[in-house]
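>>> Sequence and predicted structure below; questions after.
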Amino acid sequence: MKPSVILPLALFVLSALPLTAEGAGGVEFTQVVGQDLWGLPGRSSLPAVTGQITGIGGFGYGVMEDGSVIGGFGMGITSHNLDLAEGPGGTPVRGFHAGYGGMLGGWQHRWGPLVGLVTTKLGFGGADWSSVEGVRSEGSHAGFSMLGMAEAQIGVLVFRWFNLGLKAGVAGTLTIVPGEPFLIGYAPTIGLRLSWGSF
């Protein structure tokens, strides 16, 4: 086996040594709640008068001996009727679609049939904003974006290998390029998480 293959493989195995036999993976559904996306401190909120933002994704993580977790996630976010008075470049926006992938970290603990999980997520991906007229200006409404989430979950072990959890938290998105960084907003979220694994 070539050294170029052995070294990354060895680093991967060593990084997994602190993990116990516990871990999980699954799917999650996230819904933004409230009628406003909060802006930065000192900035007016961005009204989402009729908007609904929904996220669907998958995740996986391992649990260390002290209960801390590390893993990864992927999520697609969509809204066909999000109505922002001011979007990237100061143009009105209706509609938001994005895909993100990244890392998650946090802490997990079990109390009998209950499983508590607190996570933070940081992901990067592409995002697209539709204009009010529904026509994309060439390149000006698509770009590289960042997603940050902090969530707390309480779940019930339906089976020893299956956990049904309800989660709540806050999520925010930030466009990075093109143009100046633009905060789409951050808002409270609720959701459902279905996990399979060892708890």
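Okay, I see it. These numbers were taken from a predicted model, which means no experiment stands behind them.
>>> Can you classify the closest residue to Gly155 other than its chain neighbours as helix, strand or coil?
Leaving aside its sequence neighbours, Gly155 sits nearest to Gly165 (CB to CB, 6 or more residues apart in numbering; 3.0 Å). All C-beta spots, glycine's among them, are computed from the backbone N, C-alpha and C. Assigned with DSSP: H, G, I helix; E, B strand; the rest coil, Gly165 falls in the strand class.
>>> Specify the beta-bridge partners of Gly165.
Gly155, Arg193 (DSSP bridges).
>>> so it sits right up against Val115, yeah?
Yes. Using CB atoms under 8 Å, Gly165 is in contact with Val115, at 7.0 Å.
>>> Please enumerate the shared neighbours of the two.
Both Gly165 and Val115 are contacted by 153-156, under the criterion CB atoms under 8 Å, 6 or more residues apart in numbering.
>>> What's the first helix or strand after the helix or strand of the chain with the lowest mean pLDDT?
Ranked by mean pLDDT, DSSP states H and E, the helix or strand of the chain with the weakest confidence is strand 46-47, at a mean of 49. Next along the chain after strand 46-47, taking DSSP states H and E as the criterion, comes strand 54-64.
>>> Name the next helix or strand following that next one along the chain.
Next helix or strand after strand 54-64 toward the C-terminus (DSSP H and E): strand 68-84.
>>> just the angle between that next one and strand 54-64, please?
Orientation check (axes from the mean of the first three to the mean of the last three CA atoms, to 10 degrees): strand 68-84 against strand 54-64 gives 170 degrees.
>>> so what secondary structure elements neighbour strand 68-84?
strand 19-32, strand 46-47, strand 54-64, strand 93-111, strand 114-131 (3 or more CB pairs under 8 Å, 6 or more residues apart in numbering; DSSP states H and E).
>>> Using PDB, write out every CA atom in the fourth one.
Which is strand 93-111. Taking C-alpha atoms only, strand 93-111 is exported to PDB below (Å, rounded to 0.1, in the frame of the first residue of the first chain):
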ATOM      1  CA  VAL A  93     -36.100  38.700  -2.700                       C
ATOM      2  CA  ARG A  94     -38.800  36.000  -2.800                       C
ATOM      3  CA  GLY A  95     -37.600  32.500  -2.500                       C
ATOM      4  CA  PHE A  96     -34.500  30.900  -0.900                       C
ATOM      5  CA  HIS A  97     -32.900  27.500  -1.800                       C
ATOM      6  CA  ALA A  98     -29.600  26.200  -0.500                       C
ATOM      7  CA  GLY A  99     -27.600  23.100   0.300                       C
ATOM      8  CA  TYR A 100     -25.000  22.700   3.100                       C
ATOM      9  CA  GLY A 101     -22.600  20.200   4.400                       C
ATOM     10  CA  GLY A 102     -20.300  20.400   7.400                       C
ATOM     11  CA  MET A 103     -19.400  19.300  10.900                       C
ATOM     12  CA  LEU A 104     -21.400  18.900  14.100                       C
ATOM     13  CA  GLY A 105     -20.200  18.700  17.600                       C
ATOM     14  CA  GLY A 106     -21.900  18.600  21.000                       C
ATOM     15  CA  TRP A 107     -22.800  16.400  24.000                       C
ATOM     16  CA  GLN A 108     -25.100  13.400  24.500                       C
ATOM     17  CA  HIS A 109     -26.400  11.800  27.700                       C
ATOM     18  CA  ARG A 110     -28.900   9.100  28.400                       C
ATOM     19  CA  TRP A 111     -31.400   8.900  31.300                       C
END
